[in-house]
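A.B. asks: Okay, predicted coordinates and the sequence, questions at the end:
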Amino acid sequence: MTVDTWLIFITTSLILTVTPGPSIILAVVHSVKFGPKVTLFTALGDISANFIQMTLVAISLGALISISDIVFMVIKWFGVATLCYMGGKMYFTPKRLEISNSCSIRQTISPYKLYISGFVVAISNPKAIVFFTALLPQFIDTTKPLLAQMMIICPTIVTLDFICVMVYAITANRFLRLIHKAPQYLNRLGGLTLIVAAIMLSISSY
């Protein structure tokens, strides 16, 4: 992976990871209830699950590459279409995010429980597998070793995801108000970004 490709990958991943999803919402709730410091374990659970999901996707992509380059190219175009579909659905059918903010006193909880809850929420989200399957092939060069590329791609996504979750957790109250007031704008922005990213990736890839 060239530096230019890596920078494009960072930009695309960063834009997409900042859009509030189940893991970010959970981190915000945990931060409000238990404080931003211990929410670190929620974020660790999230990225652990994401790493497992990316590993499964990488193994599947490796099998496809070994079968045929044509099959892999079909998967890449299917990925572009999937990103566009996900973006369109997010843009045109924004849903209001219901978050309880009734807790005014910080509670205590074991870091283990926070880690497990973060892991379960992330690993049980089927959209993550679909998203990784759609995104990763856009940056994979079939003429080069897959493992070396995934050793760059996976840590990059995990790091960006961790940073985004913790930023939301640290500024939980502000983002909680924003999500309550204008969830449709956040979803539309995220959906539009996803569509633009898919189009740009298809152009740059071919």
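C.D. replies: Cool, got the structure.
A.B. asks: by contact count, what packs against the helix ranked longest in the chain?
C.D. replies: Secondary structure assigned by DSSP state H gives helix 40-67 as the longest helix of the chain. Packed against helix 40-67 by the contact rule (3 or more CB pairs under 8 Å, 6 or more residues apart in numbering; DSSP states H and E) you find helix 22-34, helix 69-92, helix 111-123, helix 126-135, helix 146-170. No exception for glycine: its C-beta is placed from N, CA and C like everyone else's.
A.B. asks: Point out the most buried one among the ones you listed.
C.D. replies: Compared across the helices and strands packed on helix 40-67, helix 22-34 shows the largest average neighbour count, a mean of 23 (mean count of other CB atoms under 10 Å).
A.B. asks: Show me what that one is packed up against.
C.D. replies: Counting by 3+ CB pairs under 8 Å, 6+ apart, helix 22-34 packs on helix 40-67, helix 111-123, helix 146-170, helix 172-181.
A.B. asks: Between the ones you listed, which one is closest to Gly88.
C.D. replies: When these are compared by CB to CB, helix 172-181 sits nearest Gly88, at 21.4 Å.
A.B. asks: Contact partners for Thr42?
C.D. replies: Counting by CB atoms under 8 Å, 6 or more residues apart in numbering, Thr42 touches Ser23, Leu26, Ala27, His30, Leu114, Tyr115, Ser117, Gly118, Val165, Ala169.
A.B. asks: Quick check, pLDDT for it.
C.D. replies: Thr42 is assigned 92 on the pLDDT scale.
A.B. asks: gap between it and Ala81?
C.D. replies: 33 Å (CB to CB, to the nearest Å).
A.B. asks: just Phe139 next, same as before
C.D. replies: Per CB to CB, Phe139 is found 17 Å from Ala81.
A.B. asks: what's the answer for Val158, then?
C.D. replies: From Val158 to Ala81 the distance is 26 Å (CB to CB).
A.B. asks: quick one on the thing from earlier: quick one: closest of the helices and strands packed on helix 40-67 to Ala58.
C.D. replies: For Ala58, the closest of the helices and strands packed on helix 40-67 is helix 146-170, at 4.7 Å, according to CB to CB.
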